[in-house]
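**Q** here is my input; please provide its structure:
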Amino acid sequence: MDKGYDRIAVVTGANSGIGKATAVALAEQGFDVGITFHTDRNSADEVAELVRESGREAAVRQHDLTDPERAARVVDELAEELGGLGVLINNAGTGSAEPLLDMDYQRWRSVLAVDLDGAFLCAQRAARRMIDSGRGGRIINVTSVHEELPRVGAGPYCAAKGGLRMLSRVLALELAEYGITVNTVAPGEIATAMTGQEDRLPQIGSRPGYPIARAGDAREVAAALAFLAGPAASYITGTTLFVDGGLGLMGPQAGGALGTGDWRHG
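**A** Reported below is the predicted structural model:
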């Protein structure tokens, strides 16, 4: 059972999309929330106001994961300002759209630095604090359906997300004795800025090849993250919760339905 971990969460990349929805959902569940952003301070401040409107405390820090060692210090800064840390949600990420044979090493490394190295270092700092508190906690890493399923043009992103899944499972084994659970949430296509759909509600029927024939809404992912952050998920660790509308089920089915080889070019 839980030891009553601190009701304080840090959500990276919380100024928009899934991170924003998650910060609001956690505040509504009684969490104070640390919010990180990369470049857009105004949007992060707006999310902080939404958290405060729920009667909770909020703190904001800039967080540039292209320098992951420096960026990870923000976890400690937010924990100090808010008075503890019970939940870390590694949500910040980036992607790529380039064949591996055309990609230079710096581009490859830049994606892995943000999506894998940064998540590792933030999780490490959060776990050390949770262990020192003796109260347990939650670490939840946002991956993607591409933690398991490949995509043309997204080599480093897929590699990072697959690596993050296994990192999470090793952490789950190593941290269980301290009352810390570690899981991943794997979204499918979600209507956010990263998929070019900011401020656009998912349109039913717009994705006929998906079992649930639309993109997902950021709040649907946030609900899964908030569940894993809460006391009802105390016996869940080392697993992945897919929030993809059934997209991951379509591999052989969709492959058999293709009539051309255009998919080879992204």
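**Q** where along this structure do the helices fall?
**A** Counting by DSSP state H, the segments of the chain that form helices are 17-28, 41-53, 68-82, 105-112, 118-133, 155-175, 218-229, 251-257.
**Q** now the angle from the second one to helix 17-28?
**A** Meaning helix 41-53. With axes from the mean of the first three to the mean of the last three Cα atoms, to 10 degrees defining the directions, helix 41-53 sits at 20 degrees from helix 17-28.
**Q** repeat for the fifth one
**A** For helix 118-133 against helix 17-28, the angle between stretch directions is 20 degrees (the same axes, to 10 degrees).
**Q** touching, E81 and A59? I think so.
**A** Yes: counting by Cβ atoms under 8 Å, E81 does reach A59; the two are 4.5 Å apart. C-beta here means a position set from N, CA and C on the backbone, and glycine is covered the same way.
**Q** do you know how far A58 is from D104?
**A** Separation of A58 from D104 (Cβ to Cβ, to the nearest Å) stands at 39 Å.
**Q** in terms of neighbours, single out the busier of these two.
**A** The neighbour comparison of A58 against D104 (other Cβ atoms under 10 Å) goes to A58, with 25 against 9.
**Q** OK, contacts around the more buried one?
**A** Counting by Cβ atoms under 8 Å, 6 or more residues apart in numbering, A58 touches 23, 27, 32-35, 47-49, 51-52.
**Q** okay, buried residues for stretch 65-79 please.
**A** Using 16 or more other Cβ atoms under 10 Å as the test for burial, stretch 65-79 gives 65, 68, 71-72, 74-76, 78-79.
**Q** what would the residues you listed look like in JSON lines with distance to G136 and pLDDT?
**A** Output for those, formatted as JSON lines (distance: Cβ to Cβ, whole Å; pLDDT from 0 to 100):
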{"residue": "L65", "distance to G136": "26", "pLDDT": "91"}
{"residue": "P68", "distance to G136": "25", "pLDDT": "92"}
{"residue": "A71", "distance to G136": "25", "pLDDT": "93"}
{"residue": "A72", "distance to G136": "21", "pLDDT": "95"}
{"residue": "V74", "distance to G136": "22", "pLDDT": "97"}
{"residue": "V75", "distance to G136": "17", "pLDDT": "98"}
{"residue": "D76", "distance to G136": "18", "pLDDT": "97"}
{"residue": "L78", "distance to G136": "19", "pLDDT": "98"}
{"residue": "A79", "distance to G136": "15", "pLDDT": "98"}
